[in-house]
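[1] Here is a sequence with its predicted model. Questions after.
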Amino acid sequence: MAPEIEIHPITDACYRDERPTLLNASEIGSLFGHGHKTLAHVTAMKRGLIEPGTDDPDSPLLERGRDFEEVAAKRVQRLRPTWKIERNTNHYVDRLNRIAAIPDYLATDPEREGVGCLEIKTVAEPNHKKEWLEGTPPLKYVLQLATQMMLVPNCTWGAIGQLIIGNFTYMMNIYTVDKRDHGAEMRLRTAAAKFWQAFDAGDQPVIDFEKDGDLIALLFPNEVPGKVVDLSTDNIIQDLLQRREHLKAMQAEFKDKLEATETEIKAKLGDAEVALVPGWRISFKTQHRKGYPVAPSSFRVLRTSRHEQDHAT
């Protein structure tokens, strides 16, 4: 028996109060390692450590996507004139599994039964070539659409409208999902249940060390006075410390080389404001910065050093 789906009008309170307590369709990909954000990042957001929307470096891109949604929808309508497309105004919630979705548009097709979810994606041409391999959407978007189709009542099909933004033109692609995959939907609900079970138990998901650097300060903002962790039998920490020492030495070397290179370039410009170099644009102008008081802050600092006796052996 399918869970009951709540339908609420989209309001500011929906984004402010409801969405942080639910796994949203755009976050489902993170459960499978294919999300916009890592699983640790999503967990931190649900714990209130990160305010939704304030930490996203791609927010200008998201804003651009919203601005182009209507243009993209009109393009879809032009390519699929028999579809009836309407902007979605509802928030669909599976309270039992704590999953929610807000599709961009809903559509009907005289050749299909039921309702279709239409998700709009605005993509720069280089990202299209990089991420939309072999003409198929990235898995994170497929999972997002599958979640929407699972939650919208009477939904039997779906589509992703991709607006590709080039330097001087834009192009529209439409990827259609002809029917729901109930086996995949069961896996989505199972993954969501495992996420919330771990979340409620206070478990910490695996950290992606390449993407989650900023989260460490949020997850562990303060040290416990007097607490000592014994890593004497941890072989990985030895490798990490040696790697850090090596990388810091390389960093210092490259920093010196970079400064010397920039100094030589500045010397060639002298008191000139601009230099003419084929294939390059070079300027050496004075930049004025307004003074401002720096507020006091506190943060944890990692320092490492070798013991002499260990280094000698």
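    Structure's in. What do you need? It should be emphasised that the depicted structure is a prediction, and the values quoted were computed from it without experimental measurement.

[2] Could you chop this protein up by domain?
    6-216, 235-312 (automatic domain parsing).

[3] and of those domains, who's closest to residue 224?
    Go through the domains of the chain one by one with Cβ to Cβ and the one that ends up closest to residue 224 is domain 235-312, at 11.9 Å. Where you see a C-beta, it was placed from the backbone N, CA and C, and this is true even at glycine.

[4] ok, and residue 224, which helix or strand is that part of?
    Secondary structure assigned from DSSP states H and E places residue 224 in neither a helix nor a strand.

[5] Okay, it and residue 297: tell me how far apart.
    Distance check for residue 224 against residue 297: by Cβ to Cβ, to the nearest Å, it reads 21 Å.

[6] between those two, which one's more packed in?
    Set side by side, residue 224 and residue 297 give different neighbour counts by other Cβ atoms under 10 Å, the larger being at residue 224 (8 against 5).

[7] quick one, what contacts that one?
    Applying Cβ atoms under 8 Å, 6 or more residues apart in numbering, one finds that residue 224 lies in contact with no residue.

[8] just the domains of the chain: most buried one?
    For those, average neighbour numbers computed from mean count of other Cβ atoms under 10 Å are highest in domain 6-216, which has a mean of 16.

[9] Strands of the stretch 101-250 of the chain, start to end?
    When assigned using DSSP state E, counting those that start in this stretch, the strands of the stretch 101-250 of the chain occupy the ranges 105-108, 115-124, 155-165, 170-177.

[10] Describe which strands the shortest one pairs with in its sheet and in which direction.
    On the basis of DSSP bridges, the sheet neighbours of strand 105-108 come out as strand 84-87 (antiparallel), strand 115-124 (antiparallel).

[11] wait, which of those strands is closest to residue 204?
    The stretch from the strands paired with strand 105-108 with the least distance to residue 204 (Cβ to Cβ) is strand 115-124; that distance is 31.2 Å.

[12] among the domains of the chain, which gets the worst mean confidence?
    Looking at these, the lowest mean pLDDT belongs to domain 235-312 (a mean of 78).

[13] That domain: how far from the chain's middle?
    Domain 235-312 has its C-alpha centroid displaced from the chain centroid by 28 Å (Cα atoms, centre = their mean, to the nearest Å).

[14] List every C-alpha atom in stretch 160-169, with coordinates, as PDB.
    The C-alpha trace of stretch 160-169 is given here as PDB (Å, rounded to 0.1, in the frame of the first residue of the first chain):
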ATOM      1  CA  ILE A 160      13.500  16.700 -18.000                       C
ATOM      2  CA  GLY A 161      13.700  19.800 -20.100                       C
ATOM      3  CA  GLN A 162      17.400  20.800 -20.600                       C
ATOM      4  CA  LEU A 163      18.100  24.300 -21.700                       C
ATOM      5  CA  ILE A 164      21.700  24.500 -22.900                       C
ATOM      6  CA  ILE A 165      23.100  28.000 -22.700                       C
ATOM      7  CA  GLY A 166      25.900  28.800 -25.200                       C
ATOM      8  CA  ASN A 167      27.900  31.900 -25.900                       C
ATOM      9  CA  PHE A 168      25.400  33.300 -28.400                       C
ATOM     10  CA  THR A 169      22.600  30.700 -28.600                       C
END
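
[15] List the contacts of that stretch.
    Contacts for stretch 160-169 (Cβ under 8 Å, 6+ apart): 68, 71-73, 75-76, 118-125, 128, 132, 137, 141-142, 145, 170-175.

[16] Could you rerun that using 6 Å?
    The contact list for stretch 160-169 (Cβ atoms under 6 Å, 6 or more residues apart in numbering) reads 68, 72, 76, 119-125, 128, 137, 141, 145, 170-175.

[17] what's the nearest residue to residue 82 if we skip its chain neighbours?
    For residue 82, the nearest residue in space outside its immediate sequence neighbours is residue 110; the separation is 5.6 Å by Cβ to Cβ, 6 or more residues apart in numbering.

[18] Could you do residue 86 as well?
    Leaving aside its sequence neighbours, residue 86 sits nearest to residue 106 (Cβ to Cβ, 6+ apart; 5.6 Å).

[19] for residue 272, same thing?
    residue 284 (6.7 Å).
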